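A.B. asks: structure of the sequence below:
(one chain, ligands or ions: 1)
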Amino acid sequence: MTQETETIGTDRQPHREDREVLIRGRGITVGFGGPPILENLDIDVYRGEILGVVGGSGTGKSVLLRTIIGLNRRQAGKVELFGRDLDAASSAERVRIGRRLGVLFQQGALFSSLTVLQNVSVPIREHIDVSAKLRDELARLKLELVGLPPNAAAKYPSELSGGMIKRVALARALILDPDVVFLDEPTAGLDPIGAADFDSLIISLRETLGITVFMVTHDLDSLVTITDRIAVLGNRKVLVDGTFQSLRHVDHPWIQDYFNGERARHFDFDRMEPA
Ligand SMILES: Nc1ncnc2c1ncn2[C@@H]1O[C@H](COP(=O)(O)OP(=O)(O)OP(=O)(O)O)[C@@H](O)[C@H]1O
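C.D. replies: Numbers count the residues shown, from 1 in each chain. I've put the predicted structure just below:
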């Protein structure tokens with residue numbers, strides 16, 4: 001089998017087998033009428049890790065994210081979340097599992113007619129029967145957690161900067177205290193300082209809340225700074241996964257170009273942070 005159709009392999013970290021798998025995808029195939037976008041794809045996400053998902057434009061990173069959270073239909077394969085096969089789960093179970101997932105979509109996906117506080121409260125309204133006072137308190141706590149000032153609560157999305165929109169969307173993703181948070185290009189459109197601040201926020205959330213992060217990104221700074229492991233998508237599947245350092249040595253044209261190309265030159269790899 002050629003490299004075009006075969007996965008390259010995996011960077012076996014010590015004791016990886018002992019770690020709890022929160023998300024297990026096997027043989028995932030997704031298409032939209034034409035040739036499949038993902039075909040026979042396998043992926044594992046371990047508890048407490050920050051997994052970066054990268055790949056060329058159109059390789060299906062967002063499709064994979066949406067498939068795992070149940071927004072895209074699979075033609076084949078299965079997804080287990082927290083050890084439960086989604087296809088075998090009742091609709092009530094699926095709702096319970098869904099509550100353990102938080103999602104930050106690429107553009108933030110805030111409701112323009114709702115205030116920040118109302119946007120963050122939406123999942124509570126949908127899932128939990130609590131008083132309006134408690135709902136607001138919970139939402140304010142989450143806004144504080146993501147570093148927004150109290151006066152942001154009454155603003156509308158049109159009054160916010162790009163970085164603030166991402167933080168509000170993150171607060172909403174965290175409102176039900178999920179086990180896993182999915183981030184679709186969270187730093188896209190942010191200036192380098194805004195992006196670095198957002199990266200720091202993700203790290204501190206992992207440290208304080210112990211959440212697991214599945215992050216689609218093109219941002220090399222984020223990959224170097226915050227991910228524990230990176231999965232590279234290509235040829236409709238996960239080509240290879242491993243640490244940033246290990247992927248730099250994988251013999252594949254796109255991977256070499258990405259991890260050792262022009263943009264990667266400014267990293268001091270011995271220190272593993274932007275130079
Ligand atoms: N609902 C849909 N219907 C039809 N085609 C779709 C749908 N969703 C995604 N696609 C197609 O699937 C392919 C992969 O899309 P996806 O958004 O996952 O790419 P990506 O890897 O996230 O790309 P990028 O890095 O540019 O954001 C694209 O060709 C896209 O047009």
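
A.B. asks: just say helix, strand or coil for S200.
C.D. replies: Classification of S200 using DSSP: H, G, I helix; E, B strand; the rest coil returns helix.

A.B. asks: neighbours of it, how many?
C.D. replies: 13 (other C-beta atoms under 10 Å). Where C-beta positions appear, they are placed from N, C-alpha and C, glycine not excepted.

A.B. asks: please apply the same query to L64.
C.D. replies: Other residues lying near L64 total 26 when counted by other C-beta under 10 Å.

A.B. asks: contacting residues around it?
C.D. replies: 25, 28, 30, 38, 41, 43, 53, 216, 233 (C-beta atoms under 8 Å, 6 or more residues apart in numbering).

A.B. asks: pairing partners for the first one in the sheet, please.
C.D. replies: G25 forms beta bridges with I43, V79, as assigned by DSSP bridges.

A.B. asks: that one and S57, how far apart?
C.D. replies: G25 sits 22 Å away from S57, going by C-beta to C-beta, to the nearest Å.

A.B. asks: what about the two, which has more around it?
C.D. replies: For G25 and S57, the more surrounded residue by other C-beta under 10 Å is G25, and the numbers stand at 21 against 6.

A.B. asks: so that one sits against L51, correct?
C.D. replies: No - if you go by C-beta atoms under 8 Å, G25 and L51 don't touch, sitting 12.0 Å apart.

A.B. asks: could you find the closest non-adjacent residue to V168?
C.D. replies: Leaving aside its sequence neighbours, V168 sits nearest to V116 (C-beta to C-beta, 6 or more residues apart in numbering; 5.2 Å).

A.B. asks: typed the wrong thing, it's V30
C.D. replies: Of all residues beyond its chain neighbours, the one nearest V30 is L38 (4.5 Å), with distances taken as C-beta to C-beta, 6+ apart.

A.B. asks: give me the phi and psi for the one you found.
C.D. replies: Dihedral angles of L38 (phi, psi; degrees, to the nearest 10) stand at phi -120, psi 140.

A.B. asks: list the contacts of it.
C.D. replies: Contacts of L38 by C-beta under 8 Å, 6+ apart are 28-31, 60, 63-64, 67, 236-237.

A.B. asks: looking at these, which one is closest to G83?
C.D. replies: Of all those, G83 sits closest to I28, with 17.3 Å by C-beta to C-beta.

A.B. asks: and the helices in the stretch 151-275 of the chain?
C.D. replies: 162-174, 192-209, 220-226, 244-247, 253-260 (DSSP state H, counting those that start in this stretch).

A.B. asks: helices or strands up against the fourth one?
C.D. replies: Contacts defined by 3 or more C-beta pairs under 8 Å, 6 or more residues apart in numbering; DSSP states H and E place helix 244-247 against strand 229-234, helix 253-260.

A.B. asks: for the record, mean pLDDT for stretch 154-161?
C.D. replies: Averaged across stretch 154-161, pLDDT comes to 92.

A.B. asks: try stretch 23-31
C.D. replies: The predicted model assigns stretch 23-31 a mean pLDDT of 96.

A.B. asks: chain center to it: distance?
C.D. replies: Distance, stretch centre to chain centre, for stretch 23-31: 16 Å (C-alpha atoms, centre = their mean, to the nearest Å).

A.B. asks: what residues sit buried inside it?
C.D. replies: Judged by neighbour count (16 or more other C-beta atoms under 10 Å), stretch 23-31 contains these buried residues: 23-25, 28-31.
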